[in-house]
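**Student:** With the input below, show me the fold.
(one chain, ligands or ions: 1)
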Amino acid sequence: MTAQPKFIVVEGLEGAGKSTAIAHIKSWLAARGITPVCTREPGGTPLAEKLRDLVKQVRDNEQVAAETELLLMYAARMQLITNVIKPALAAGHWVLADRHDMSSRAYQGGGRGLSDDMINPLRAMVLGNLQPDLTLYLDIDPALGLQRARMRGELDRIEQEQLAFFQRTRDKYRQIASREANIAVIDANLPLAQVQQQISAALDQALA
Ligand code: Z5A
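**Tutor:** Coordinates of the predicted model:
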């Protein structure tokens, strides 16, 4: 296993199994003597967690503009990158992220329909030259993902969107995954054991 610390990201629609996948990846890393710094987005610093609450809260009397949602996501990401991700990598720690930049491109770009011309300048400012070494994109039929996620109970503001919103989000995820490097597509519609097998294979191929 290389000594160079890696930045691994897990992406996908709600209910795709990201939390479950992260537990599996942690075990894979632990078997190789690595304990990663774990993050979630939006969130992961005191201010970013407050932004997370704001963005997820259901608002009865105020429409949240798609652009506002986008800016809140990147504000939270800036805090996390500056205060957690970059210092961790610089100190030689691996970073394992529950969502990152691909979420904004898929949800705000695909789901909300915001253009690349609007999103790309924010990406340039916030990410600089930071890029994941590996993104595991858990691809799931939105209806199945929502069914799994909704078994948990109350829905936040974004989870209350219609199926078509999640379909657009998935389409954008798949488009990005088909065009860009270092993204492994995992079929998350399958039973857990098969999903975990695909994840281990992707980790073996990219990192071992
Ligand atoms: N968001 C955004 O719009 N833009 C951005 O830039 C960012 C985020 C960063 C964050 O929500 C919200 O913010 C999210 C996108 C938006 N909104 N929506 N809607 P979050 O962090 O609170 O939640 P989430 O990221 O959507 O995760 P989740 O709902 O907790 O899902 P998950 O972690 O992917 O799934 P899970 O908890 O691992 O699994 C769900 C259930 O399915 C659970 O009972 C598992 O035991 C079960 N499961 C998992 N895998 C399987 C398989 N293979 N078979 C059967 N059952 C399974």
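
**Student:** In CSV, please show the C-alpha coordinates belonging to the helix or strand of the chain with the lowest mean pLDDT.
**Tutor:** Ranked by mean pLDDT, DSSP states H and E, the weakest helix or strand in the chain is helix 142-150, scoring a mean of 92. Output of helix 142-150 as CSV, limited to C-alpha atoms (Å, rounded to 0.1, in the frame of the first residue of the first chain):
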residue,chain,number,x,y,z
PRO,A,142,-34.2,6.7,-7.6
ALA,A,143,-37.5,4.9,-6.8
LEU,A,144,-35.6,2.2,-5.0
GLY,A,145,-33.2,4.6,-3.2
LEU,A,146,-36.1,6.8,-2.0
GLN,A,147,-38.0,3.7,-0.8
ARG,A,148,-34.9,2.6,1.3
ALA,A,149,-34.3,6.1,2.6
ARG,A,150,-37.9,6.9,3.4
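
**Student:** residues in contact with it?
**Tutor:** 12-17, 159, 163, 166-167, 169-170, 188-189 (Cβ atoms under 8 Å, 6 or more residues apart in numbering). For the C-beta atoms, the positions are set from N, CA and C on the backbone; glycine is no exception.

**Student:** Beyond it, next helix or strand please.
**Tutor:** Using DSSP states H and E, the helix or strand that directly follows helix 142-150 along the chain is helix 163-179.

**Student:** Run through the neighbouring helices and strands of that next one.
**Tutor:** strand 134-139, helix 142-150, strand 183-187 (3 or more Cβ pairs under 8 Å, 6 or more residues apart in numbering; DSSP states H and E).

**Student:** returning to that earlier point: would you list the buried entries among the contacts of helix 142-150?
**Tutor:** Buried by 16 or more other Cβ atoms under 10 Å: Gly12, Leu13, Glu14, Gly15, Ala16, Gly17, Glu159, Phe166, Gln167, Thr169, Arg170, Ala188, out of the contacts of helix 142-150.

**Student:** Among those, which pair sits farthest apart?
**Tutor:** Maximum pairwise distance in these, criterion Cβ to Cβ, is 18.5 Å, between Gly17 and Gln167.

**Student:** Show me the shaky parts of the protein.
**Tutor:** Residues of the chain meeting the criterion pLDDT under 70: 1-3.

**Student:** Dihedrals phi and psi, Leu96?
**Tutor:** Taking degrees, to the nearest 10, you get phi -120, psi 110 for the backbone angles of Leu96.

**Student:** Tell me how far it lies from the ligand.
**Tutor:** 13 Å (Cβ to the nearest ligand atom, to the nearest Å).

**Student:** Enumerate every residue touching the nearest residue to that residue once chain neighbours are set aside.
**Tutor:** Closest residue in space to Leu96, ignoring its immediate chain neighbours: Pro36 at 4.0 Å, by Cβ to Cβ, 6 or more residues apart in numbering. Contact analysis of Pro36 by Cβ under 8 Å, 6+ apart lists Ile8, Lys26, Leu29, His93, Trp94, Val95, Leu96.

**Student:** Need the residues you listed in JSON lines (columns: neighbour count and secondary structure).
**Tutor:** Converted to JSON lines, the contacts of Pro36 look like this (neighbours: other Cβ atoms under 10 Å; DSSP: H, G, I helix; E, B strand; the rest coil):
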{"residue": "Ile8", "neighbour count": "23", "secondary structure": "strand"}
{"residue": "Lys26", "neighbour count": "15", "secondary structure": "helix"}
{"residue": "Leu29", "neighbour count": "19", "secondary structure": "helix"}
{"residue": "His93", "neighbour count": "16", "secondary structure": "coil"}
{"residue": "Trp94", "neighbour count": "21", "secondary structure": "coil"}
{"residue": "Val95", "neighbour count": "22", "secondary structure": "strand"}
{"residue": "Leu96", "neighbour count": "21", "secondary structure": "strand"}
